[in-house]
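Trainee: what follows is a predicted protein model with its sequence.
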Amino acid sequence: TSPVASVQFFVRGALLGTDTTAPWTLNWDTTTGPDGAATIQVVVEDMAGNTTSSAIRNVSVDNVSPTPTLTDPGQYLSGTVSLSASSDGDTVQVDFERRPAGGGSWVTIASDTTLPWGTSLDTTALADGLYDFRAVATDQTGNTGASPIRASIRVDNTNPAGSITTPANGATVGGSSVALGGSYSDGASGVGSVSYELRPTGGGSWSTIATSTSAPFSATWDATTVSTGSYDLRPVITDRAGNTFTGATITVTVDTTAPTVVLTNPGSTISGTVTLNATVSGSGATQVAFAASPAGAASWTSIGTDPSAPWSFAFDTLSRTDGLYDLRTTVSDGLGNTSSDVVTGIRLDNTAPRVISSTPAEGSTVTSTSSIILGTSESATPVGVTLDGQPTVAPVISGTSITYNTGPLGVGPHTLAGELQDSSGKKAPFRVHFTVWAASGSIAPYVEKNTSSSSSTTVDSANGLAAATMPGGAWSSSGADWIVMRVTPTAAPSGLTNGFAPGPEALDVTAWWALAGTQVHQFSQPVNILMRSTAKGLVPATFEAGNWRVIARVPTPGTLPAGWEDGFYVDGAGFHILTKHLSLFALLHDVAAPQPPQNVRGFLGPGGLTIRWTEGADNSGTYDFVTVYSDATDIGHFGVDYTAATIGPWSPGGPRVFRLKETDLAGNESALTRPLLPVPSLVGKTPDEAAAALTARGFTVGTLTPGGTGAAGTVT
């Protein structure tokens, strides 16, 4: 055989290098390749060129250090505690280490070579104080890695201290809120909680009655949960590391016997201010508290407290809503022991009964009826009831329904009047108005209706041709009295002159105090009287001082300007008269056209042509608007607040013709004014020349007045 000439080394199938001299070795830097599985093989060649390959060896490359994690052992350690860690899968050993917090040498606590990685630490072998902890992991190839440090963990094996200071040893306590407190301390981790324990004096098992987890570690105890007697009380103090200390035992006497109280029944129904009285038995009472709750709800609210005998309190029932209530009185002694007494089903009634509905309905018009039915706010008895001022039939009462079987009532307005009285004796007057009418006859009867000072009320006429609405706030309350408004259709006015003719109908609107009977004419807010007519040529008017006065149109529909007593506007429903005074109102036919605008003049200035005028006379006393025409084009409507119109640029000799027309409230139109003519320049002309120039323009010369300065005999 030939001697060996070389040996080739292959890693992962790639040539790593060749050695030509014995003992045939080659160094492999495993960090130049990835971690993980790898194959190794050699190929030997002799001097004759013959080669042979070795068997493949499989190896694993590992150059990465493990990354362990130390499980958080908690902020405070006491006694023997468990330490645990996690690490990479190829870890073969975990060392648990400690050192003084912030620096110093690491000391191995223990090493673990089997999963799960953990050990026990007896902290009593260490001095109390702050420590850092970590875990160091070693893998199969000897790589090591340390976990993040769990820093400044306190080892505390020193017990806390403390004792009860409240209540004092030998004290007598009672009630549902006995104060518990003491003086507690811990020089290491700090006090974490204090539990208060109780047992019968001298023996028996301890039970926890309260626990506090925050400074100053005070608590309250419901002493009513135990019976009267002598008891031992002690604190169990636990610091944040779990060390506990049981403080000294004190002895207290528990008194759970409260005085007794009886609430005197004030009556089944009460109102106004009622004195509640309680009778207390036993000793030591310091106060009696009175409370109320809606019946059966056990939702108590305070009425008041009396701190001394005789035990009573003035209950203002007006402070509660009317209804059924339970009343409770509670007596307390100096230890906080309490007992109560309840009286149930007491009705608070401060509101007089009232009519909340009726058939026929209040202020309505019906074709016929044989009975009147009242719906009341509570069960009540009618007193002194009359129908149209005369005694009527006896009522049939069922709960909150009162029926008067009157038999058929005649055509016309009817009023049922009287008082309602409830079981507590409170009375309130009522009036129910309605009208029977079957649209027979030429003039409908009047309709009345109660109004309100807080909300609007509308009264419709029996024939449906008109209505009056009293707004809320138009009148102020006057005790128990209220305003009744009446709407009475009347015949259209006759004997009219001055260009007026009768309209559809007239309407008399009146109002008076229901109980006092005195009429009211003026109101602070305008009443809206609707006359349902959309016919042309009508104007609204009011009868005043023996004559009909035409009412002016308001600038803004629905709003009566300040200082106006009345005004009107028109919409799809008809004519709306807004008035602060009640009277006779009518729609009149205005058959007379107004005069054209008067004193029409034009002035040419920097802004162009301005036309001025004064109003033409009209039988209504005013007009609605003036129309200005340029040739045949309507160039603007101008209301009564305007007596001038700016036309804009214009030059003498321009072809446009300007004329004006006046329209009254009923829509009647005047004739057109004569065309506006330009005045020629007359300065420097003799009177004859001026007259000739004016005549040529269509003017006639009026009065000539000599005088002034300038060239004699010429116009200046």
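Mentor: On my side now, so go ahead. Numbering: from 1, shown residues only.
Trainee: residues of stretch 324-331 that come out buried?
Mentor: Neighbour-count burial for stretch 324-331, counted by 16 or more other C-beta atoms under 10 Å, picks out 325-331. For every residue, glycine as well, the C-beta is placed using N, CA and C.
Trainee: can you check stretch 164-181 too?
Mentor: Those would be 164, 167, 173-175, 178, 180-181, for stretch 164-181 by 16+ other C-beta under 10 Å.
Trainee: so for Thr1, what's the pLDDT?
Mentor: On the pLDDT scale, Thr1 is placed at 66.
Trainee: just the buried residues of stretch 164-181: which are in strands?
Mentor: 164, 173, 178, 180-181 (DSSP state E).
Trainee: tell me the spacing between Val261 and Asp95.
Mentor: 75 Å (C-beta to C-beta, to the nearest Å).
Trainee: revised request: answer the last question for Gly708.
Mentor: Gly708 sits 131 Å away from Asp95, going by C-beta to C-beta.
Trainee: between these two, which one's more packed in?
Mentor: For Gly708 versus Asp95, the count of surrounding residues by other C-beta atoms under 10 Å is larger for Asp95: 21 against 7.
Trainee: if you count neighbours, what's buried in the helix or strand containing that one?
Mentor: Following DSSP states H and E, one finds Asp95 within strand 91-100. Neighbour counts over strand 91-100 (16+ other C-beta under 10 Å) mark 91, 93-98 as buried.
Trainee: in CSV, list the residues you listed along with pLDDT and distance to Pro391.
Mentor: Output for those, formatted as CSV (pLDDT from 0 to 100; distance: C-beta to C-beta, whole Å):
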residue, pLDDT, distance to Pro391
Thr91, 93, 111
Gln93, 96, 116
Val94, 97, 110
Asp95, 97, 114
Phe96, 97, 109
Glu97, 97, 111
Arg98, 96, 108
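Trainee: show the backbone phi and psi for Thr123.
Mentor: Backbone torsions for Thr123, taken as degrees, to the nearest 10, come to phi -70, psi -20.
Trainee: so it makes contact with Ile153?
Mentor: No - under the criterion of C-beta atoms under 8 Å, Thr123 makes no contact with Ile153, lying 9.9 Å away.
Trainee: who touches both of these two?
Mentor: Residues within reach of Thr123 and of Ile153 at once, by C-beta atoms under 8 Å, 6 or more residues apart in numbering, are Leu77.
Trainee: list the contacts of stretch 534-543.
Mentor: Contact with stretch 534-543 is made by 493, 503-504, 531, 548-551, 566, 568, 570, 572, 574-575, 577, 579, 583-591, 620, 664-668, as judged by C-beta under 8 Å, 6+ apart.
Trainee: low-confidence ranges in the chain?
Mentor: Low-confidence segments of the chain, defined by pLDDT under 70: 1, 441.
Trainee: where along it do the helices fall?
Mentor: Taking DSSP state H as the criterion, the chain carries its helices at 687-696.
Trainee: select the longest strand from it.
Mentor: Of all the segments of type strand in the chain, defined by DSSP E, the longest one is strand 500-513.
Trainee: for that one, buried residues please.
Mentor: Neighbour count says strand 500-513 has 500, 502-513 buried, by 16+ other C-beta under 10 Å.
Trainee: in CSV, list these along with distance to Arg199.
Mentor: What follows is the buried residues of strand 500-513, written out as CSV (distance: C-beta to C-beta, whole Å):
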residue, distance to Arg199
Phe500, 108
Pro502, 106
Gly503, 102
Pro504, 100
Glu505, 98
Ala506, 98
Leu507, 93
Asp508, 93
Val509, 89
Thr510, 88
Ala511, 83
Trp512, 84
Trp513, 79
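Trainee: give the contact list for Ser195.
Mentor: Ser195 sits next to 208, 210-211, 235-236, 238 when contact means C-beta under 8 Å, 6+ apart.
Trainee: what do you get for Gly684?
Mentor: Gly684 sits next to 711, 714-715 when contact means C-beta under 8 Å, 6+ apart.
Trainee: ends of stretch 442-454, what's the gap?
Mentor: Start-to-end span of stretch 442-454 (C-alpha to C-alpha, to the nearest Å) is 36 Å.
Trainee: may I have the beta-bridge partners of the closest residue in space to Thr213 that isn't next to it in sequence?
Mentor: Spatially, and ignoring its direct neighbours in sequence, Thr213 is nearest to Ser193 (4.6 Å; C-beta to C-beta, 6 or more residues apart in numbering). Counting by DSSP bridges, Ser193 forms beta bridges with Thr238.
Trainee: any idea how far Ser193 lies from Gly181?
Mentor: Counting by C-beta to C-beta, the gap from Ser193 to Gly181 is 14 Å.
Trainee: for Ser189, same thing?
Mentor: If you go by C-beta to C-beta, the gap between Ser189 and Gly181 works out to 22 Å.
Trainee: same check, this time on Gly608
Mentor: Using C-beta to C-beta, one gets 96 Å for the distance from Gly608 to Gly181.
Trainee: end-to-end on stretch 460-469?
Mentor: End residues of stretch 460-469 are separated by 9 Å (C-alpha to C-alpha).
Trainee: can I assume Phe603 is in contact with Ala645?
Mentor: No - using C-beta under 8 Å, Phe603 is not in contact with Ala645; the gap is 11.4 Å.
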